[in-house]
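*Asks:* kindly generate the corresponding structure for this input.
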Amino acid sequence: MRWQEENDKLFKAFEFEDFSEAFAFISRVALLAESDNHHPQLFNDWNKVHIWITTHDQGNIITEKDILLASKIDRLIKTE
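*Replies:* Coordinates of the predicted model:
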């Protein structure tokens, strides 16, 4: 699945083998986001992770900063 635009946010759903893998992914996303000082909304339901990214200080719109973070998150999956 590719990132989708929903309500001025980038959205993507990820699915993993189990809760532990999903939570480990969330932890990696959190560390990445903190290093970029750009904090997405994360939701976890057992083996599923939903992520929404928007730039709050630009009026809650999608910016280049969001696209860059989405790309970095995708690379987390490709390196696992």
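
*Asks:* what is the helix or strand residue 65 falls within packed up against?
*Replies:* Per DSSP states H and E: residue 65 is located in helix 64-78. Using 3 or more Cβ pairs under 8 Å, 6 or more residues apart in numbering; DSSP states H and E as the contact test, the elements touching helix 64-78 are strand 9-15, helix 19-36, strand 48-53. Where C-beta positions appear, they are placed from N, C-alpha and C, glycine not excepted.

*Asks:* go ahead and flag the most central residue of the protein.
*Replies:* With distances taken as Cα atoms, centre = their mean, the residue of the chain nearest its centroid is residue 51 (4.1 Å).

*Asks:* touching, that one and residue 12? I think so.
*Replies:* Yes: between residue 51 and residue 12 there is a contact at 5.6 Å, judged by Cβ atoms under 8 Å.

*Asks:* overlap in contacts of these two?
*Replies:* Common neighbours of residue 51 and residue 12, using Cβ atoms under 8 Å, 6 or more residues apart in numbering, are residue 73.

*Asks:* quick one on the thing from earlier: same list, the helices and strands packed on helix 64-78, but as TSV with distance to residue 71 and mean pLDDT please.
*Replies:* Shown next, in TSV, are the helices and strands packed on helix 64-78 (distance: least, Cβ to Cβ, whole Å; pLDDT from 0 to 100):
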stretch	distance to residue 71	mean pLDDT
strand 9-15	10	97
helix 19-36	11	97
strand 48-53	11	98
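
*Asks:* so what's the residue count around residue 72?
*Replies:* Using other Cβ atoms under 10 Å, the number of residues around residue 72 comes to 15.

*Asks:* how near is the residue nearest to it when sequence neighbours are not counted to residue 13?
*Replies:* Sequence neighbours aside, residue 32 is the residue nearest to residue 72 in space, at 5.7 Å (criterion: Cβ to Cβ, 6 or more residues apart in numbering). For residue 32, the distance to residue 13 equals 18 Å [Cβ to Cβ, to the nearest Å].

*Asks:* before we move on, what about residue 48?
*Replies:* Note on residue 48: its distance to residue 13, by Cβ to Cβ, is 6 Å.
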